[in-house]
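>>> Predicted model, plus sequence, below.
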Amino acid sequence: MSLATIDRVRPTTQSIIQPATQPARLTAVAPAPQVPTAPVQSAPRLRAIPEGTEARGFVLYVGVDEFKAAAAGVDLGQLVAALKQLTTELVPSAETHAAVALAPTGAGGRDVDVVRLALQDPTALARHRQAEPEAEEEHRIGVIIDLTRKHVTLDGQPAGLTYKEFELLQFLVLREGRTVERAELISGLWVAGDEETPSERTIDVHVRRLRSKLGVYEDIVRTVRGAGYRFDRHADVSVRFASTPSPDFI
C-alpha cells in the first residue's frame, strides 16, 4: 500500500473557468528516497580472540638500551614510570608490571629482539630455535675419514673412535654402496679365538656405538633391515687414503 495525500487545486485562471464544485483529486506521493547510513564501526581489535577465552591484558616490548635513552634525555626508569602513568590515566583500574631485560655487554641484534628473547616471548623463542639449526649448518665442515692416518674428524673435531670402531667404519667405507651382512663383518674384523668375538646379535651393539660417536652424521652408516649395514657417502663426507693401498686396504 502506497502513501497518498489530498492535493487541493490552487486558484489559477484554469480553476476560475471550471465549476466551483470540481472535486478534489488524489495524487500519489512517491516514498522519499532512503539515504544510506554508514555502518556502525565497532571498536578496533588487535586480533581475533579465540572462542572461550578473554583478553586480560597485553605486553609491550620496548627495545631501547640505556645509552639511547640517555641520548634522548631520559633514563629507563623515567620511561617506565611515564608509560605506567599513561596507563593509569586511561584506565585507572589497570594493574601494571615492568621488567627490564638484561643482556651481555656487546650482544648483537636489534634491541627489541633481544628484549623479547630475554623475556621468553613465545614467538621469539620459536624463531630462535628455528634459526639455531641453520646457524649450525653454516659452521659445518663435514666428516673427514682419513684411512691412511686412521683418523675421523667431525666438523674439525676428533670423533674419538676406538680402534675397533674405526676398523668397523673402514670396513664399510671400502665397500661403499654395498650392503654388508653381519656374518661378513664378524669374519672380516674378528679373528677366531678373540675373547670379544661378537655374535650376529651383538654386532648391532658395536654399530650402535659407532653411530653414536658420529653424532649428526650417524646416517652415513645405514641399517638395511634384515640384511646388514651399508656406508652411504654424503656431500659433506670426505674419504682420504694414499694413492698406493695400505696393508689394510681390501
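The structure has been received and is ready for your questions. Residues are numbered from 1 along each chain as shown.
>>> what ranges do the helices span in the protein?
For the chain, the helices defined by DSSP state H occupy 13-17, 66-71, 76-90, 111-118, 122-138, 163-173, 182-189, 203-214.
>>> on contacts alone, who are the packing partners of the third one?
Spelled out, it's helix 76-90. Contacts defined by 3 or more CB pairs under 8 Å, 6 or more residues apart in numbering; DSSP states H and E place helix 76-90 against helix 66-71. No exception for glycine: its C-beta is placed from N, CA and C like everyone else's.
>>> Output the contacting helices and strands for the helix it packs on.
Contact here means 3+ CB pairs under 8 Å, 6+ apart; on that basis helix 66-71 packs against helix 76-90.
>>> how about the helix it packs on: buried residues?
Neighbour counts over helix 76-90 (16 or more other CB atoms under 10 Å) mark residue 76 as buried.
>>> what's next to that helix, contact-wise?
60, 62, 64, 66, 69, 94, 96, 98, 100 (CB atoms under 8 Å, 6 or more residues apart in numbering).
>>> what does stretch 226-243 give?
With contacts defined as CB under 8 Å, 6+ apart, stretch 226-243 is touched by 140-148, 169, 172-173, 175-182, 184-185, 207, 217, 219-224, 249.
>>> What mean pLDDT does it get?
For stretch 226-243, the mean per-residue pLDDT is 82.
>>> try stretch 113-127
For stretch 113-127, the mean pLDDT works out to 72.
>>> what about that stretch, how long is it end to end?
This stretch, stretch 113-127, spans 10 Å end to end (CA to CA, to the nearest Å).
>>> what's the answer for stretch 170-180, then?
From its first residue to its last, stretch 170-180 covers 12 Å (CA to CA).
>>> Buried ones in it, by neighbour count?
170, 171, 172, 173, 174, 175, 180.
>>> okay if I get these as TSV plus pLDDT?
Formatted as TSV, those follow (pLDDT from 0 to 100):
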residue	pLDDT
170	93
171	93
172	93
173	92
174	91
175	91
180	93
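>>> Show me which pair in these is furthest apart.
Spatially, the most separated pair among the buried residues of stretch 170-180 is 170 and 180, at 11.8 Å (CB to CB).
>>> quick one, domains of the protein?
Following automatic domain parsing, one gets these domains for the chain: 66-137, 143-240.
>>> coming back round to it: just give me the lowest mean pLDDT stretch among the helices of the chain.
helix 13-17 (a mean of 40).
>>> re the thing from before, quick check: which of the domains of the chain has the most neighbours on average?
When the domains of the chain are scored by mean count of other CB atoms under 10 Å, the highest mean neighbour count falls to domain 143-240 (a mean of 15).
>>> First-to-last residue distance for that one?
Domain 143-240 end-to-end distance (CA to CA) = 11 Å.
>>> Could you do stretch 148-158 as well?
End-to-end distance for stretch 148-158, by CA to CA: 15 Å.
>>> what sits up against it?
Stretch 148-158 is contacted from outside by 139-146, 159, 161, 163, 166, 169-170, 214-217, 240-242, 246, using CB under 8 Å, 6+ apart.
>>> So which of these belong to strands?
Secondary structure assignment by DSSP state E places 143, 144, 145, 146, 240 of those in strands.
>>> Rebuild the buried residues of stretch 170-180 as TSV, extending it with distance to residue 56.
Formatted as TSV, those follow (distance: CB to CB, whole Å):
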residue	distance to residue 56
170	63
171	64
172	59
173	60
174	65
175	64
180	62
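>>> for these, which one is nearest residue 54?
Once CB to CB is applied, the member of the buried residues of stretch 170-180 that ends up nearest residue 54 is residue 172, at 60.5 Å.
>>> now that closest one, nearest residue through space, not along the chain?
Leaving aside its sequence neighbours, residue 172 sits nearest to residue 231 (CB to CB, 6 or more residues apart in numbering; 3.9 Å).
>>> same question, residue 152
Distances taken as CB to CB, 6+ apart place residue 159 nearest to residue 152, at 4.1 Å, with adjacent residues excluded.
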